[in-house]
Every structure is written in structure tokens, then in C-alpha cells.
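>>> What shape does this take:
(chains A, B and C)
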Amino acid sequence: MQIITKNWDKIDPFRIEDYIQAGGYASLRKSIREMDREDVILQIKESGLRGRGGAGFPTGEKWEYSAKTNSDAKYMICNLDESEPGVYKDRIIAEKNPHQIIEGLLIGAYAIGAKKAYIYLNGHYREAAEILKIALDQARDKEFVGKGIMGSAVDVDVEIFQGAGAYICGEETALINTIEGKRGEPKLKPPFPPVCGLFGKPTIVNNAETLANVAYIIKRSAKTFSQIGPNSSPGTKLFLLEGAVKNKGVVEAPLGTTAEELIFNSLYGGGMVSGKEFWFAQIGGASGRLMPRGKLDQTLTYGNCEYPIGAGSILVVDKMADIKDFLYSWAGFFHRESCGKCVPCREGTFRLWEIAKRMKNNDLREKDRENIKDILWTLSNTTFCPLGNFAATAWSDAVKMFEKEIFPNTNKTNNDTN
Amino acid sequence: MQIKINNKSYPADEGETILSVCKRNGIRIPTLCAHPDLLPSEGVCRMCLVETNQSKGLVPSCAQKVCEGLEVQTETENVNRARKINLELLWADHAGKCASCKRNGRCELQNLAQIFDIEAFKFTPRRKELKSRDELDLLKDNWSHVAVDEKNSCISRDSEYCIECRRCIRVCRDIQTVEAYGFNYRSSRTNVGTPHEIPLDCIFCGQCSAVCPTAAITEKDETAKFEKALADPGKMVIVQTAPSVRFTFSEEFGEKPGTFWEGKLVASLKELGCDKVFDTVLGADLTIIEEANELIRRVKKGGKLPMFTSCCPSWVLYVEKYYPEFIPNLSTCKSPQQMLAPLIKTYYANKEKINPENIVSVSIMPCTSKKYEAERKEMKASGCQDVDIVLTIRELARLVRKNKINPSKLKDKKFDPALGISTGAGVIFGASGGVMEAALRTAVETISGAELAKLDFEVVRGEEGIRCAEIEIENMKLRVAVAHEIRNAKKILEDLKAGKVHYDFIEVMACPNGCIGGGGQPVPTSPAIRKARIESVMSRDRGMPLRKSHENPLVKKIYKEFLGKPGGEKAEEMLHTKYINRKKK
Amino acid sequence: MSIQKILLQYEPEPENLLRAIKDINKEQKYISEKDCREISKYFSLPLARVFSLASFFDLIKFHPERKKIIKVCSGGPCVMERSLEIIRQIEMLLKIEAENDASPKVKLEIMSCQGLCDRGPIMMIDDQVFEKVKPEMVDDIILNYL
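Numbers count the residues shown, from 1 in each chain, chains lettered A, B, ... in the order given. A predicted model of the protein is given here:
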């Protein structure tokens, strides 16, 4: 089943004609010429599309909030910041088929009544920036972007806004702050962006992959889309297969596929690299949970599930790996990327990094075990924004699952201190 | 509406936060970033977390609004665990430093650490004080974190003590509109400080030091200089004390806000060994004579109007730095501190036959900016620096405690009469609107030639940010305005520029509610505390036998013996000053 | 291009602030205090606000870089491809320590994910990106590019 990756081999990202030939911008035309804004939102709502950035919030519902809010200005933003380690799917979409994102963005802008849209691009993405820029210019030439889209009275201007290197800017309120010329810190919610976002106006922030699904839904109907995958979270998803798996890279699979299939089915991962034995898989990037062998049959969906798919990366780790390397990697990442606004995240990630460095040098101290527990708890429960939770997720799992590897000789000391 | 906190019912208003309901009802919730002057809170310290029936996890009570059916728990296991861990994380950098800290015993973090029984060294202290070799490795991550600024005359900063609560940023940005501080960098390199670590470039109002919960931002300490002067037998130490500090000194010793301690303040200074204690209120009376005279002259002779008061050095500096086009509007009168000081080194020294070079002139102020004012090059009317040392009331209290003096046990003493007789008009300088009211008492009587039936100008009192009134004197109308906090003053300046408003006389004080809310006043501060201080000021004024500056017999005497006429040549030389355009090109 | 010229390309609106900062940073490799003042004046924003925004981001620098900066990604996929070994190799070869500023000539930094996981491990020397680096290649890269 292919929605996003369908025409990647046929399309030259530098030629809008290729995209149009493959049926591109027909959905935009259909939306503007044949459908009311309400119809578009209804279609998206009925399709059951959920955000592909991680939280999995129903896209149509989100759009409806903004559409229903009266305001002289509204904004539509494509979130292409993905800075999660191991996640690069949005970059690939942008590099392979940029118009797919732009079309979804334009349909969204039309649906909520936004005259201005932004593509918030990761500051490190140089190629994608070039490609998107050219794609936008071409779309503007063809009158898909700008004043009076395709001869209608609909105006949507699209601008690329490139960040400058900060993970937290993928959080929607932090992203909005950045465009407003403020530090990329998360804001207090409520108010929520769909009601009060960029410059205080209703604003929709959608992940790029989410938007890449929109044209398909409008073209093939909500029903067709909703029949792919499970009812509660339909559609396909880009997964990123990484680590000790044979076929690494981006694959598209219906939601509801199990991790086992993704890793071992020859359609996707094709199994472990020869000679390597599966140990665990991290689902969803550095902020994702660790899935042991016994849980591989879990289906991956949005909504309530034990192992949230996040942005969709699956890092397969084999038994030769050292868990301490990963703890070091995760702690370092979140320590560098904490925005510094709230105490538990700023101080907690720093202390965790300090401990991870000691751990790597086999220099854990007696107090560290207790401290890790406290820090993980405060990160999971008291931080200002979800980054704190993210920082603690993998660590918490690792501490539970690999206690022996992490604290090889602490059983004794623990008793002593007690 | 009614909400439940810890299973008890309490009334609450729509739009209120959980924290505000708890505070009102005496329910303990620790806070570090929340401050009653800085609302709404940002919710960054995560100390005030509580559990509610409305959401699964912990919520910040400072940001969470009340709603119908709300039930709050403030002492659950999770709440206490959150408080404790987050405190421990902050405490790591403070552990072991209290004894030598300026804020020892008056530090909000220290208080909480005591209440919540924080383990002293749970995490390795970082930043400056590293004790063992393995801690040296941590240095590289955190070195950039520490910024020390001693390059200005008023405010000391040491980010070693900073807990990034951002109160200083907010008070400077939201209340004073100066925005000297920023939240810089990211993650553990986060630093609250000036851009590019430049020395503080602001109006030195010191509000940042008044809201700082720790010793990260404090008044620049000059107690050592003061002690040295006291110990020098060849020096005569002459002190003056500002109108407002007699109402706040007591708070440093645990008395409730508004406790009037003039006699104990004088006694404490004498106990420390000061030779003479004079009253800045006399300087205030002189200011009124000169300022009222200047106002009348400007109004009658078509001078530049509106005239702005110039007692507040932060306000003066604000005009010089940001709105220099209004410099001609500033009254040329010096502030009370700078009026009394040259008289000490000339008039008084002459009379007592003391070599002014042997006088160390010290002033006790509610204000950090006065330190800067004393250093201005223009302030040399006596031939040398008129004021040698300026201490905030906090510094004085520290010194008093250090010398084991307990003011509450001291017998009240009076100001030395040579320069120590004053009126209620000068006393009310301490509260916003006071200079205006005092000036009106004198101006109206001077213009009309008749005695005022009622001395209280209630229209210019109060806590509103901007207060306007029209005062009728004989057949003319005087349009006056009073503003406190720079944000309100800025609004007036902008409105004046746009021609939206017209005034003749405007009083501005940079700090909230005037000098009683000064940047050098005891901490903590809050609207309620300042209200109590104001009430005390007003009641003192009502109780004074003399309430008009021009009726002060000492003022009359000094003019007769030394200054000549108000606005005359000698008065001009001693009591007036010039301003400089300091706007960044 | 002079700072003024860069600034004049943008309307002095807050949403252009980061763009202007990035352009100036690109042009001169860092933002000096003087530049910061120019920016603050052009956008009519307090200096503190400009600096606080600029210093938030990894890509904006405030001092001329006198050292060679080597960066290695330590994201999960890169770790699986032995990026930590690459770091150790560099440490040994240059006798430096990651994240330590002690060496006057070169600094080794651990970098956050650049989203190039399909081409990892990623190593950078200043602005040059090296993809699919193996620990064995480190000596060559350092020899030829440092």
C-alpha cells in the first residue's frame, strides 16, 4: 500500500510538471473549485487522519477548531523541523516529492481560511531547502500559490521559514515562538494554537507527512483512506528502519503493522543483519520506548498503545551493542536540546548527562542509582513541556530492562546504603 | 464559585489561579518563579505543582485557573516528591555557600531547602566552587554559565547563584520596559544576563535585586567602605537617611511591614559609630522650595512645560538614555540626597569649622540608583564628591546584624538638629505622589498667598499607575500627573509626544509605589507590603506638627544664612544641576 | 555584503529577525556585539531580546572561531554504526577529549542529529560533511581535511 511513496520513482523533485502529470494539484483544484471549506474539513475528519509528528491528534478536528474561530488572520504551518535522532522521513518527502507537502498545505490553508502559510524547515536541511524553494517558485508560476489560486478568489502565500538548529522548535508553540522572532521555548497552554497561535491568531501546525496525505484523501475520498489500516488510526505511515536490520531506510506500511513484520518481513526490513541477534528495538526516535523481543507482535498505531510510534523510526539493536552507549547518546542529546526554561528539564537532563558520562567510564557512584530514579521521575512528571518526558522515556525503560548491565555491582552497595 | 482544596471548601473567583486562592487562605505552596508583582506567572520553577481532579498529572498552581468542581490536593506524595527533587536539583549549586552569602537568612531558596529538608550534597556542585579533581571535568560544561558583573556602581550580579526564575527579566522588561536582561543560550548553558555579557546598561532602579529570590542579583555592597570610614579616627562620618527608610528598616528585623522606626534607625547608626545623623527629609523640604519656585517660574514666565520631577535618579537616567528630547522638561532641582549633601560639606562644615575633606558623607537610601547618582560628575557642588558612600537599607541592616546590634532593644534617638528638622511634606516623598503633594502644598500657598484649608491632596494619592488631576489655584488651573513604574511614565511620554495629553507638572518615580517600593528596600516586596508602608508614611505625615516645607524653620534659617533666595545664585550653585543626552547613537 | 545591506533586504518585522541574524551569521561567521546593536536598532527591539533569540540556536555564533571544529553525531542510528568509536578514534589521534575546550587548535563536539541518518555516521569538520564514516577512515579524514 503506497500513498506517500507512490510516485517517488517517477517524479523529478525539480519539475512540477512531473507532479502534475502524476495527478498532482488536482486535489487542490477540486477543493477550491468544487468543495466548500467545510466539505474539505469534513473529508479530513471522516478520513480519520491523525498527525504523523508523534502525538497523533486527529487532523480534521484540529482544522475545525481554527476554521470555527473568527479572526481577521489565520495561519497554516507545515512542521518540517523533525530533529528527532533517527527520524528523517519528512526530509525525504521534501526531497523526493515536495509538491505533495505543498499541496496538502495549500488545501489546509484553504480549509481553515488562512491567507498565509509557512513551511518551518529544520535549520540543518540544506538540500531540502533548495528543493522546496524551487518547488514553491514553480508552484507560484503555475498559480497554485499566491493571489487568486487557479483563477479563484482564494489567496494563499507560502513562505519557507528555516530554523537554526534546536530540537525543541518542533514543538508547535516553540515553533510559533521562533517564527515570531522569540526564543524557541514552549508556551503555556491553553490557549492552544488552533485558537490562538502565531501572532495571537488561529494557527494550524501540521507535520509534513500528515499534509502529504491530504491530497490523497481529497482525491480518493475519506472512505478509501479510512479503510486502510485500523479504524482508530487509518492510513499508511513512513517507517524508518535503522540499526542491525538488513534493509535500512524509509518504508511505507499501513498503520497497524507489527514491529515484527517491519523488521523481519522481506517487504520491509528483511530481518537482522546476518550474524546479529535481536536485542531490543527503539520505537520512535531518541524519545521512544524500548521494545523487547516479546513485544514485537504489538501493532504500531496512533492512539492508545503501549509503544507509541512517535515519528516512526525503528532502531533495531542487536546483542553486541552496549546499552551504556545508548544511555550516553540519549542523555547527551536531551541535555543539549533542553531549552532551559523549566527547572526539572534544564537541571535534570544536565545531571543525567553527568551520570551517563560517568557510567560510560564505569565510574558510577553509590548515589547515582537513587539519583537516576529521582531525575527520571521528575522529568516524567513535572516538566513544562513534553521534552522532559521524552528525555526520560528510553532511560526509564532501559533502567527497568537492563538493570544488570547498567548497575553491574550495585546490589551490594544498595544494601549497604540501606 | 467554591473549590475544594485538601478536602475543604473555599470561595474562588473566576479567572483566579489555584495559587492565589491558596495564598489567600494560608495554604502553603512553595514558589520560586511566581511573584505577586509579576503576574501572570510563567510556571518555570515547577515548585508550585499540585494535583487536581481535572487532569492526570501534576499541574502548576501558579498558572492553572480555577474552575467549577475543582478539587486540589497540595500535599500528596507526588507533590512533595516533585518539590523535593526539583529543589535538590537547584540546591546542588548553592550547597555549602550560604555562610558567606549576602542573602544568608533572607534567601527564598535557602528557606525552602530548610522547610523541605534538602540533602546538602545530593548532586555535585558545579559552576565556580569545585573541590576535587574529578569535579574539574564538569567545569568545561558549565564554565560559560557563570557571569559576574561588578562593572557598574549599583548592581552586583553573580550568576553562580542564579536559579533562572526569570523574575529579573520580567520586572525589567514588563514593569520598567528597559529589558536589560535576557534569557540567553540553551540547556545547562542557559544564562540570565546581559547580551554579550556587557556590563549592565540600564537605569539602575534595582528592581531586579528586589525580586531576585537568591543572591544572583544584589545591591553593590559598600559596607566595607563604610566600616573603613567608621574605623578611621581622622574622619567624621556624617549620615543622612532617606524619607522612606524609617518606614522599612524594621522589616529587616522581622517587624511587620509599615512599622515606623525612625528613632531606632538613628540609634542604630549612632551605635555603629556615626558621628552625626542628619535627615534627608530636610533635603526634601529644600527640594520642594526650589521645585515649587521653579514650577511657578515656568508657569508664569512661559518656561518649558510640563515640568518633570527629578528626585528619582532612575527616572532622570531613563529620560537621558531613552527620551533625551524631554531633558528640558526635567526640573533642574537636585534630589533631596544631593541637596543635603553639599550643605553638609559647606554650610555645616563651615559652621562647625571642620575641614570638609575629613567628612565622609554617607546616605542610607531605599535605592540602588542613588549610588549612581552620587557618582555623577555634576554632583560636586561642595568642591569634592558631595556624597561619598551610599548604602541601601539592606546593606545597613546587614551591617547592624553583623555588629550584633538589636535595634528593637535600642532607645529611640533623634536626628542631630543642625540638619535634622523636617516636615511632613518631606516625609511623604517616600510614597508615589508625595513629591507632587508636597510641592502643591507650597506652590498653592505661594501663588495664592493664603493658607490652605486642607493639606491633603487625595487626588494624587493611590496605587494607580497613572493619576491625573486639575488643581485650581486662584484663577488658573494646574494640570498634574503622577506616575510610578517606568512603563507608566513611558506611556505618558509617548502620549505627550503624540499630543494626546497636556500637563503642567508630572511626578515620576521609577519604582512601584515610589521609594517605599525602591530597589534597595527590604525583601520580599509585594503590593500588600507596599500598601502597609504607604499607610505608615501617611499617618506619620498627619501626625507631624509641620506639614509644609516652607514652614520648616531650619529651611528658612539656611536660606537666610547661606543660600539666599530660592532660585538665587547660591541656591542655583548648590541645589540645581544639569543633564546629559545619553542616548546610544 | 555589509550588515546594513543584509538588513535592508528585510522588512523590520519580528518574523524576519531570525532570518536576518542567520544571514549575517553566514556572511561573517559570527555575530559581534556591534552587529547585534545594529540588528537591534534596525528592528527597534531591545538588544537583550536580539541576543537572547540568537543565542538560543546552535548555528549562531558570537565569537570568531579560531579552532577547527570536528563534530560527530551520536544519535541512535549513528551509534549503531559505531559513531562512538569514531569519537574515541579522534580523541586518541588528536589527544583531545570530546567537549573539552582545552586544545588551542581543535575542538571535538558531539552533535545532535542532522537528519542524515540514512547516510550515517555523520562527521563534520567545520562546514564539511562526511557521510558513512567508519572508524578506520578517521585517520585519513583528519590527515587530509584538518
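>>> from here on, contacts and neighbour counts on C-alpha atoms
OK.
>>> Next, work out how far apart B:G514 and B:V482 are.
Applying CA to CA, to the nearest Å, the value for B:G514 to B:V482 is 10 Å.
>>> Between those two, which has more neighbouring residues?
In terms of neighbours (other CA atoms under 10 Å in any protein chain shown), B:V482 is the more surrounded of B:G514 and B:V482; the figures are 30 against 27.
>>> and the more buried one, that's in a strand?
Yes. Assessed with DSSP: H, G, I helix; E, B strand; the rest coil, B:V482 lies in a strand.
>>> quick one, what contacts it?
Residues in contact with B:V482 (CA atoms under 8 Å, 6 or more residues apart in numbering or on different chains) are B:S432, B:G433, B:M436, B:V460, B:G465, B:I466, B:R467, B:C468, B:I506, B:E507, B:V508.
>>> Ok, C:F57 next?
Here C:F57 is in contact with A:A164, A:G165, A:A166, B:Y185, B:R186 (CA under 8 Å, 6+ apart).
>>> Any figure for the gap between the last one and A:T210?
Meaning B:R186. Using CA to CA, B:R186 is found at 30 Å from A:T210.
>>> now the contacts of C:F57 as CSV including neighbour count, distance to chain C and secondary structure?
What follows is the contacts of C:F57, written out as CSV (neighbours: other CA atoms under 10 Å in any protein chain shown; distance: CA to the nearest CA, whole Å; DSSP: H, G, I helix; E, B strand; the rest coil):
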residue, neighbour count, distance to chain C, secondary structure
A:A164, 23, 5, coil
A:G165, 22, 5, coil
A:A166, 26, 6, coil
B:Y185, 23, 5, coil
B:R186, 25, 5, coil
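>>> Turn those into CSV, columns for pLDDT and distance to C:E131.
Shown next, in CSV, are these (pLDDT from 0 to 100; distance: CA to CA, whole Å):
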residue, pLDDT, distance to C:E131
A:A164, 91, 21
A:G165, 87, 19
A:A166, 91, 22
B:Y185, 92, 29
B:R186, 91, 28
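>>> In contact with the residue nearest the centre of chain C, which residues?
Centroid-nearest residue in chain C: C:L59, 4.9 Å away (criterion: CA atoms, centre = their mean). Contacts of C:L59 were listed using CA under 8 Å, 6+ apart, and they are A:A164, A:G165, C:K22.
>>> any idea which of the residues you listed is closest to chain B?
Comparing the contacts of C:L59 against chain B with CA to the nearest CA places A:G165 closest, at 11.4 Å.
>>> Could you measure from the closest one over to B:S250?
Using CA to CA, A:G165 is found at 52 Å from B:S250.
>>> can you check B:P11 too?
Relative to B:S250, B:P11 is positioned 34 Å away (CA to CA).
>>> what's the answer for C:H63, then?
Separation of C:H63 from B:S250 (CA to CA) stands at 49 Å.
>>> same check, this time on B:G182
With distances taken as CA to CA, B:G182 is found 34 Å from B:S250.
>>> Kindly report the same for A:T258.
From A:T258 to B:S250 the distance is 71 Å (CA to CA).
>>> what does B:C515 give?
16 Å.
>>> now B:K404
15 Å.
>>> Neighbour count for these two, which is higher?
B:S250 (23 against 9).
>>> which residues does the more buried one contact?
Contacts of B:S250 (CA under 8 Å, 6+ apart): B:K256, B:P257, B:T259, B:F260, B:W261.
>>> Contacts only, for the last one.
When you say that, I think you mean B:W261. Listed by CA under 8 Å, 6+ apart, the contact set of B:W261 reads B:R246, B:F247, B:T248, B:F249, B:S250.
>>> give me that answer again for 7 Å
B:R246, B:F247, B:F249, B:S250 (CA atoms under 7 Å, 6 or more residues apart in numbering or on different chains).
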